[in-house]
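In: Predicted model and sequence below, questions to follow.
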Amino acid sequence: MSTFEQGIGTGATIHDLQIRLKEEEKKRRKLEEENAELYRLLRQIGQISPLNIPAIKQYLRTPDSRSIYGLQQITGKQRFCQLILQGNPGNQLMVNALQDQEPPDDALKLSLCSLKQVLDLSQPQVFMTLSIDGKAFTTLHIALTCTPRRTEQMLGLCSAAGGHTWQGASLDTIYSKGEPGERVGCWSYITEDGERSSKGLVRHQENTGCNKPPSRGMVYGYRGDYAGFFICTRGDIAVYSWPPLGEVLSGMDELCAAVDLHDVSQITISKTGLIC
């Protein structure tokens, strides 16, 4: 709902609504102008759609490319997520979690109805950057292989699409430290109001167990309608019945080293997002 639509029925005068309508039209035109520049740039490399991931990757590889941000507007509130390239030779598009902070004035902005527009839902991947004392030491790339409801929840918390996020949360649990089956977990996410919560964002989550023995790098959820997750840092455990979430594709060596040297509560999830 636009801010103009929100004003209807609130006692606003016709004059107030006319002013608000003009403001809405001005914002729409400004966004169209900004997107028009990106359309032009993408056409130069043979692409048209600003949501064409290969085209965006190719544009960001150019030396004089400007930063690109996705813009999502819900009930009049704007939130932004930066799109950046990582890997060698820049083959992964990282979509950072949505934030309220305005992008730089010279950034290009793409209007997004949903972050799913930039995600391959057949092979969804997310990332988590982990830090100690404010210094990042690894970024976990996680391929999600979980059931539909749990996938929806993990994508939502990694993208902050609903305002709730893993960003800013700390690892708070370690099981069987130094033994087979060692695993570290994060029980609570950060809510839109800045509180901590473990309540599941999706009801009636599937509790199907894993079909193969846990090994290092496998990611699991807690049984029941909870949002927490844990990562196996050591395998070789025979008894297991946890709902699978996915598998860490990279970044595990650094995580395991940090778990050996530090209290897990010192490890913070400093950045999250989606991988395209």
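Out: Cool, got the structure.
In: Strands of this protein, residue ranges please.
Out: Along the chain, counting by DSSP state E, strands occupy 68-74, 77-86, 92-96, 108-111, 125-132, 135-144, 173-175, 183-186, 189-190, 196-197, 218-221, 229-232, 244-250, 267-275.
In: can you put those in CSV and add mean pLDDT and mean neighbour count?
Out: C-betas here are computed from N, CA, C, even on glycine. Below are the strands of the chain laid out as CSV (pLDDT from 0 to 100; neighbours: other C-beta atoms under 10 Å):
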stretch, mean pLDDT, mean neighbour count
strand 68-74, 82, 19
strand 77-86, 88, 17
strand 92-96, 90, 21
strand 108-111, 80, 19
strand 125-132, 96, 21
strand 135-144, 95, 18
strand 173-175, 89, 15
strand 183-186, 92, 22
strand 189-190, 94, 24
strand 196-197, 94, 14
strand 218-221, 90, 24
strand 229-232, 93, 25
strand 244-250, 92, 19
strand 267-275, 95, 22
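In: who wins for proximity to Leu157 among the ones you listed?
Out: strand 189-190 (5.4 Å; C-beta to C-beta).
In: Does anything pack onto the closest one? Which helices or strands?
Out: Strand 189-190 sits against strand 196-197, with contacts defined as 3 or more C-beta pairs under 8 Å, 6 or more residues apart in numbering; DSSP states H and E.
In: neighbouring strands for the strand it packs on, and are they parallel or not?
Out: Strands that pair with strand 196-197, judged by DSSP bridges, come out as strand 189-190 (antiparallel).
In: got the contact list for the partner strand?
Out: Under the contact criterion C-beta atoms under 8 Å, 6 or more residues apart in numbering, strand 189-190 has outside partners Leu157, His164, Thr165, Trp166, Gln167, Gly168, Ala169, Arg196, Ser197, Ser198, Ala227.
In: and which of the residues you listed is nearest Tyr59?
Out: Gln167 (26.5 Å).
In: Could you tell me how many residues sit around the closest one?
Out: Gln167: 23 surrounding residues under other C-beta atoms under 10 Å.
In: ok, it to Pro124 distance?
Out: Look at Gln167 and Pro124: by C-beta to C-beta, to the nearest Å, they are 18 Å apart.
In: Now the buried members of the contacts of strand 189-190.
Out: Leu157, His164, Thr165, Trp166, Gln167, Ala169, Ser197, Ala227 (16 or more other C-beta atoms under 10 Å).
In: Surely the third one is in contact with Gly273?
Out: Same thing as Thr165. No: under the criterion of C-beta atoms under 8 Å, Thr165 is not in contact with Gly273, lying 10.1 Å apart.
In: which residues are in contact with both of the two?
Out: Contacts common to Thr165 and Gly273, judged by C-beta under 8 Å, 6+ apart, are Ala97, Cys158.
In: export the buried ones among the contacts of strand 189-190 to JSON lines and tack on distance to Leu140?
Out: Output for the buried ones among the contacts of strand 189-190, formatted as JSON lines (distance: C-beta to C-beta, whole Å):
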{"residue": "Leu157", "distance to Leu140": "14"}
{"residue": "His164", "distance to Leu140": "19"}
{"residue": "Thr165", "distance to Leu140": "16"}
{"residue": "Trp166", "distance to Leu140": "11"}
{"residue": "Gln167", "distance to Leu140": "13"}
{"residue": "Ala169", "distance to Leu140": "14"}
{"residue": "Ser197", "distance to Leu140": "22"}
{"residue": "Ala227", "distance to Leu140": "17"}
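In: Narrow those residues to those in helices?
Out: Leu157 (DSSP state H).
In: From the buried ones among the contacts of strand 189-190, pick the one nearest His262.
Out: Nearest to His262 among these, with distances taken as C-beta to C-beta, is Ala169, at 16.3 Å.
In: Contacts only, for the closest one.
Out: Cys186, Ser188, Tyr189, Ile190, Arg196, Thr268, Ile269.
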